[in-house]
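Undergrad: Predicted model follows, preceded by the sequence.
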Amino acid sequence: MKVDVSRLGFGGAPIGNLYREVSDAEASGAVDAAWQTGVRYFDTAPHYGLGLSERRLGAALAGRPRDSFVLSTKVGRVLEPSDGAGFDDEGFAVPRTFRRVRDYSADGVRRSLESSLERLGTDRVEIVYIHDPDEYWDEAFGEAYPALESLRSQGVVGAIGVGMNQWQMPERFVRETDIDVVMLAGRYTLLEQPALPSFLPACVERGVSVVACGVFNSGLLSKPVVADDAKYNYSDAPAELVARAREIASVCSRHGVTLPEVAIQFALGHPAVVSVVIGSRTAEQMTSNAAYFSASIPPGLWEELKSSGLLGSEVPTP
């Protein structure tokens, strides 16, 4: 089933205080800016700020017609109360008032979704992803997926899928289940396309939608000039990838566009990809990302990237 989402989506991790604190006003402003630029797909997860992202996103969307936007969240990490001592140690600047318990059981899925709906202040979400089941295939395949399939058949949720930073396990889900959508982080970007030979054709064959995120490869492609200390996969980028990103940036510059403009649009060239989700923590950042998304990319740029070997000749482009 092809999911009906806006081509540009809003990623909720930054408003969950990813890496640093964001005020309630900044978070609300980012969501408002997304709405004003035409975004109608909003993604979040319990993992993001121990529920903070869900609470902020729900509050920011409250009052808007519920049928006018698509909302997704994730299951696999159940939040249980903690003593609140210290701060979260998984990348979010929030007090440790909850702890994440990895739980892909049918009961865990139901409890997680029920809590998410409460934090979001809504009675439904259109998409539910099984979140990062990298080391939990048996539980995710044998328990989480059937639970979501049952909820889908009852009309409690719309589309179901999996969200991961790899393509191999999502491909198993595509081939061995009846999922609707995969949120693929970072494995099909302007910099690298390991998902191209096998995973994406499987999605086309099975009618599974792909939502691309991590299209900046954790920051390496996010600025017109690539910094020496740029990040890749949440760590310092290897020198060879920095050099490759700079080569791509040079081609972009010759065609009058910037690296992030091209990176944010690249994935949409593949027929399986229905949306690109970008995280934004402020209104200014969201407005900038929307401008990148709307920039006109000359066809000659794609031709030069392919002729120079920076993109494979078989890579589809927008």
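TA: That came through fine. It should be emphasised that the depicted structure is a prediction, and the values quoted were computed from it without experimental measurement.

Undergrad: And stretch 61-78, end to end?
TA: Chord length of stretch 61-78, first to last residue, is 23 Å (CA to CA, to the nearest Å).

Undergrad: what's the offset of that stretch from the middle of its chain?
TA: A distance of 14 Å separates the C-alpha centroid of stretch 61-78 from that of its chain, computed with CA atoms, centre = their mean, to the nearest Å.

Undergrad: show me where this protein has strands.
TA: 8-11, 41-43, 70-75, 77-81, 98-102, 127-131, 159-164, 181-185, 209-213, 231-232, 235-236, 273-279 (DSSP state E).

Undergrad: how about a markdown table for these, with distance to residue 245, mean pLDDT and mean neighbour count added?
TA: (C-beta placed from N, C-alpha, C; glycine too.) Supplementary listing: these in a markdown table, determined by distance: least, CB to CB, whole Å; pLDDT from 0 to 100; neighbours: other CB atoms under 10 Å:
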| stretch | distance to residue 245 | mean pLDDT | mean neighbour count |
| --- | --- | --- | --- |
| strand 8-11 | 21 | 98 | 26 |
| strand 41-43 | 26 | 98 | 27 |
| strand 70-75 | 29 | 98 | 27 |
| strand 77-81 | 32 | 96 | 16 |
| strand 98-102 | 33 | 97 | 16 |
| strand 127-131 | 28 | 98 | 26 |
| strand 159-164 | 23 | 98 | 25 |
| strand 181-185 | 18 | 98 | 27 |
| strand 209-213 | 18 | 98 | 25 |
| strand 231-232 | 9 | 90 | 18 |
| strand 235-236 | 13 | 88 | 10 |
| strand 273-279 | 18 | 97 | 24 |
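
Undergrad: Let me have those in TSV, extended by distance to residue 194.
TA: As requested, the strands of the chain are arranged in TSV below (distance: least, CB to CB, whole Å):
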stretch	distance to residue 194
strand 8-11	21
strand 41-43	23
strand 70-75	23
strand 77-81	26
strand 98-102	25
strand 127-131	20
strand 159-164	13
strand 181-185	10
strand 209-213	13
strand 231-232	14
strand 235-236	18
strand 273-279	15
